[in-house]
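> Make a model of this:
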Amino acid sequence: MTDTKQHKTIISILDAETQLRSKKELIERFIAEHFPDIPMGGDIGAEFDTYWDAERQKALLELSATEGLDHEGLQKLVGDYLFSDKAPLRDDIVDLMSDRPKLRELRKVSERIIAKVMSFVETFIDGVD
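Next comes the predicted model:
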């Protein structure tokens, strides 16, 4: 099968599988940017794992920087969520904030951040083995 056919097949699988849709852009970028550089017989799985770990760390750093959250605390919060399978509480999010919003904005901001944490987990952790 040619590279173009393989890419189209992979993309159609990504479109069909609901759990993979949140990962589609990252997988497409891996295919476009890294796949051509892997030598014949190279370990594609190891290359992908390295890429995925780097992207996960970059996304977590970006989330903490964008939302003004303590990075180490955010990592712990994600770990706790994965262990307990319970969404983070608003107070957990507030504890990570470097600058707390006004009281009337607190609910809206914390809900936005909780949604981003859930999206991060869905993209980078759920269904990735």
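
> the domain parsing of the protein - what is it?
According to automatic domain parsing, the chain comprises the domains 1-37, 41-129.

> With mean pLDDT and mean neighbour count added, can I get these in CSV?
In this view, the C-beta of every residue, glycine as well, is placed from N, C-alpha and C. Output for these, formatted as CSV (pLDDT from 0 to 100; neighbours: other CB atoms under 10 Å):
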stretch, mean pLDDT, mean neighbour count
domain 1-37, 68, 13
domain 41-129, 91, 14
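
> now R56, nearest residue through space, not along the chain?
Spatially, and ignoring its direct neighbours in sequence, R56 is nearest to F124 (4.3 Å; CB to CB, 6 or more residues apart in numbering).

> Just list the residues touching H71, thanks.
Counting by CB atoms under 8 Å, 6 or more residues apart in numbering, H71 makes contact with L60, L61, S64, A65.

> let's go with 6 Å and repeat that
With contact set as CB atoms under 6 Å, 6 or more residues apart in numbering, H71 has these partners: S64.

> list the contacts for Y81?
P88.

> one more time with 7 Å, if that's ok
Counting by CB atoms under 7 Å, 6 or more residues apart in numbering, Y81 touches A87, P88, V117, V121.

> and if you look at I125?
Listed by CB under 7 Å, 6+ apart, the contact set of I125 reads L82.
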